[in-house]
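**Student:** Only the shape, not the letters, is given here:
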């Protein structure tokens, strides 16, 4: 099902708050590296620069949200970035620590057209993409598509697993999904899932896949791995089907990336214009079609084919997870990963 197309007048109104001739200078966007950087530059950054020719966007790439948060903390007294795009759990920490600025629909008009789930913390940076956790597999090594998370514990794949641990939210998400598989209420305890993942640890080849889990699966260095649906869908196409994508029957977690204004940004006006453009129907649709991240703007027009391959095609299989609550457990769960799970691999 397609979302409604915003009229040209509405799009012009949404960008009209930022007069092209009045914006100039440079901004630094910090966001994910790899194929995300390539496609985001192609579908969002370059079109923004064409719309606002006086502004140059410098893309500073980091492999994960933890690294971006570390940069924010180290630069707190003298920020070198203007906009940061990272996961919801990290954004909530940044809000709490005073590293990110509040924004409003007055500053960023496209906020008014976002779906309700895009509000992460009232007044702060919203969701910019939706995604979900999946199991990825090499279709030669694993000829039948797995339907359960339990495939990770299959002895025949011991030593051929790439499982990303915390602090990545792939790790916390896997913990929640493992709890669901075991019938454990993760909001009360994750002891069972921790023990189960510790059982898995000796069979894991790496808890920190390099260069990434998708590459390891495609070249059959790993038979199975955890990953994100959007990237997995892209690499399934690029690999000619060498990489397969499975949504476990036990369910998955909704992953949210947010876009945020850095507190003390050197070019705040241009940074707000960029955030507004990134949330526009045109930018949202272009990135979804290119990368299979679900859009947050209700007026973005997405093809049925692309929409079906995003998390929007399987919302009924998403496990309830309050990322605000999960952020309060991040340090505790991270220590459980280090002390009980990863240590069990030795």
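**Tutor:** Yep, it's here. A quick note: this is a predicted structure, and the numbers were derived from the prediction, not measured.

**Student:** so where's the protein uncertain?
**Tutor:** Applying pLDDT under 70 to the chain picks out residues 1-21.

**Student:** right, and the helix or strand after the strand ranked longest in the chain?
**Tutor:** As assigned by DSSP state E, the longest strand anywhere in the chain is strand 127-138. Once strand 127-138 ends, the next helix or strand along the chain (criterion: DSSP states H and E) is strand 161-162.

**Student:** Can you point out the buried residues in the next helix or strand after that following strand?
**Tutor:** Downstream of strand 161-162, the next assigned helix or strand under DSSP H and E is helix 169-182. Under the neighbour-count criterion of 16 or more other CB atoms under 10 Å, helix 169-182 has 169-181 buried. C-betas here are computed from N, CA, C, even on glycine.

**Student:** on that earlier part again, now the longest strand of the chain against helix 169-182, angle please.
**Tutor:** Note on geometry: by axes from the mean of the first three to the mean of the last three CA atoms, to 10 degrees, strand 127-138 and helix 169-182 are set 70 degrees apart in direction.

**Student:** Show me what strand 127-138 is packed up against.
**Tutor:** helix 169-182, helix 213-218, strand 224-228, helix 229-238, strand 243-246, strand 254-261 (3 or more CB pairs under 8 Å, 6 or more residues apart in numbering; DSSP states H and E).

**Student:** can you put these in CSV and add distance to residue 105?
**Tutor:** What follows is those, written out as CSV (distance: least, CB to CB, whole Å):
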stretch, distance to residue 105
helix 169-182, 28
helix 213-218, 37
strand 224-228, 29
helix 229-238, 27
strand 243-246, 36
strand 254-261, 14
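
**Student:** Looking at these, which is nearest to residue 113?
**Tutor:** Ranking the helices and strands packed on strand 127-138 by proximity to residue 113 (CB to CB) places strand 254-261 first, at 14.4 Å.

**Student:** How much space separates the spatially closest residue to residue 69 that is not a sequence neighbour from residue 214?
**Tutor:** Nearest residue to residue 69, sequence neighbours excluded (CB to CB, 6 or more residues apart in numbering): residue 90, at 5.1 Å. Look at residue 90 and residue 214: by CB to CB, to the nearest Å, they are 21 Å apart.

**Student:** Kindly report the same for residue 228.
**Tutor:** Distance from residue 228 to residue 214, counting by CB to CB: 9 Å.
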